[in-house]
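Engineer: Mind looking at a prediction? Sequence and model below.
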Amino acid sequence: MKILVYCQHVLGIGHLARTMGILAALQGHEVVLVLGGPDAALRLPAHVRVVRLPALRMDASFSGLRAVAADRDLAGIREERKTRLLEVFARFRPRVLLVELFPFGRNSFRFELEPLLEAARQRSGCRVACSVRDILVERDNREKFEQRVVRRLNRWFDLLLIHSDPDLVPLDLTFGRMGDIRIPVRYTGFICRRPGPGARARIRGRLALEPGQRLVVASAGGGSVGHRLLAATLAAHRRATAGARLQVFTGPYLEEPLFTGLQHQAGATARVERFSDHFPDWLAAADLSISMGGYNTTLDAIAAGCPALIHPFAQNREQRLRARLLGTRAPLFLLEDHDLEPARLARIMEERLAERDGTGTGPQAPGAGIRLDGGPAAARILTREAA
């Protein structure tokens, strides 16, 4: 089956990482992925072909798009992207078009998405699906926003996939017009990446950790935000967590001077790197995760059975709400701004590490009763609905 997937990452890599969970489960199908954001250090499945549009990203104030290439004109890029996207659709002739987030977000991309969706609606035999996460960010005019979303869903889409567990985080919590959606709505469960077989022993062996020696993994997703948390963790690690090792992943988008500063801050028992292709393996090896509360890192920690300290992104409610709801079933603990003071954070880290069994022999069981099969479930629903 031919499947065209549209996903744009304009700030971090969370949206792309979640889409990767679906792509991996579509093995055996002919899949084309359309990207148009900054380069991301993610390894794509071998069965996925990538089409890259001229790159756009979110500006520093989070208020609009700008070109990644400094010498490119935004208006020219928009026109080129729209033309190329329609050409890809006409040439590939997909049976399924999967659009990530829109119309719940990515309104700035309507200049290319609305022509694409019109083309899909006019071609018989193409099913159009929307892929959306568990929690939407708040809007200034919620009523207007929700009316627009419902209108677009009912006009252009055949299916809505929600990557959440409705028993824990139903979309109704942040979207009040579910009853007006006339297309089928399917919950897939959360999308997560699972550690590979033997990951804990392999990573800990590579680091030459002693039995019972603690490993803390700190991360900041794509790295566009989160530097403050990583710097605080390095400072706290120097004060306490005696004998523990600290591994920091900054994300590919952290500015180079900030990355270099973190490397200089690390002592003999800490290491700072940009990225890992096997991040879930590190979580399986770890005794504690410290991160912001993005969808992917949070669910990956739960799947790995790794307790997590989470400092939510303060600009919207999404990360705090997710951590609070999932924390009823999994060992997730919120960090407030005042908790980032190094001595205080060191005490919190020591307390959480002390709650482990003291052996370092294995992770905890994943969150009880949380549906974590969202990638394979989404692939099954997509192909079944299209058939």
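Structural biologist: Ah, there it is. Residues are numbered from 1 along each chain as shown.
Engineer: Tell me the confidence at Gly358?
Structural biologist: Here the pLDDT value assigned to Gly358 is 48.
Engineer: Check Ser289 too.
Structural biologist: 98.
Engineer: so what's it up against?
Structural biologist: Shown in contact with Ser289 (Cβ atoms under 8 Å, 6 or more residues apart in numbering): Val216, Val217, Ala218, Ser219, Leu283, Thr297, Ala301, Cys306, Pro307, Ala308, Leu309. Where C-beta positions appear, they are placed from N, C-alpha and C, glycine not excepted.
Engineer: mind running it again at 10 Å?
Structural biologist: 216-219, 282-283, 297-298, 300-302, 304, 306-310, 331-332, 352 (Cβ atoms under 10 Å, 6 or more residues apart in numbering).
Engineer: could you pull out the helices for the chain?
Structural biologist: 14-24, 74-92, 110-122, 142-156, 199-206, 227-239, 256-265, 279-285, 295-304, 318-326, 342-354, 374-386 (DSSP state H).
Engineer: Need these in TSV (columns: mean pLDDT and mean neighbour count).
Structural biologist: Formatted as TSV, those follow (pLDDT from 0 to 100; neighbours: other Cβ atoms under 10 Å):
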stretch	mean pLDDT	mean neighbour count
helix 14-24	93	23
helix 74-92	96	15
helix 110-122	97	17
helix 142-156	97	16
helix 199-206	97	17
helix 227-239	96	21
helix 256-265	96	14
helix 279-285	97	24
helix 295-304	96	27
helix 318-326	96	20
helix 342-354	95	17
helix 374-386	94	20
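Engineer: Take the ones you listed and lay them out in TSV including distance to Leu65.
Structural biologist: As requested, the helices of the chain are arranged in TSV below (distance: least, Cβ to Cβ, whole Å):
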stretch	distance to Leu65
helix 14-24	15
helix 74-92	7
helix 110-122	10
helix 142-156	19
helix 199-206	38
helix 227-239	23
helix 256-265	23
helix 279-285	28
helix 295-304	22
helix 318-326	20
helix 342-354	36
helix 374-386	27
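Engineer: nearest to Ala129, of those helices?
Structural biologist: helix 374-386 (6.1 Å; Cβ to Cβ).
Engineer: Run the chain-centre distance for that closest one.
Structural biologist: 19 Å (Cα atoms, centre = their mean, to the nearest Å).
Engineer: on contacts alone, who are the packing partners of that helix?
Structural biologist: strand 2-6, helix 14-24, strand 96-100, strand 127-132, strand 159-162, strand 185-187 (3 or more Cβ pairs under 10 Å, 6 or more residues apart in numbering; DSSP states H and E).
Engineer: My guess is Thr298 contacts Leu309. True?
Structural biologist: No: Thr298 is beyond contact range of Leu309, at 11.3 Å (criterion: Cβ atoms under 10 Å).
Engineer: Between these two, which contacts overlap?
Structural biologist: By Cβ under 10 Å, 6+ apart, the residues touching both Thr298 and Leu309 are Ser289, Ser291, Ala323, Leu332.
Engineer: what two of the residues you listed have the greatest distance between them?
Structural biologist: So for the shared contacts of Thr298 and Leu309, where distance means Cβ to Cβ, the most widely separated pair is Ser289 and Ala323, at 12.0 Å.
Engineer: Common neighbours of the two, please.
Structural biologist: By Cβ under 10 Å, 6+ apart, the residues touching both Ser289 and Ala323 are Thr298, Ala308, Leu309, Ile310, Leu332.
Engineer: how about those in CSV, adding distance to Gly21?
Structural biologist: CSV is the format used below for the shared contacts of Ser289 and Ala323 (distance: Cβ to Cβ, whole Å):
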residue, distance to Gly21
Thr298, 14
Ala308, 19
Leu309, 24
Ile310, 20
Leu332, 20
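Engineer: So what sits opposite Tyr6 in the bridge?
Structural biologist: Counting by DSSP bridges, Tyr6 is bridged to Val34, Val99.
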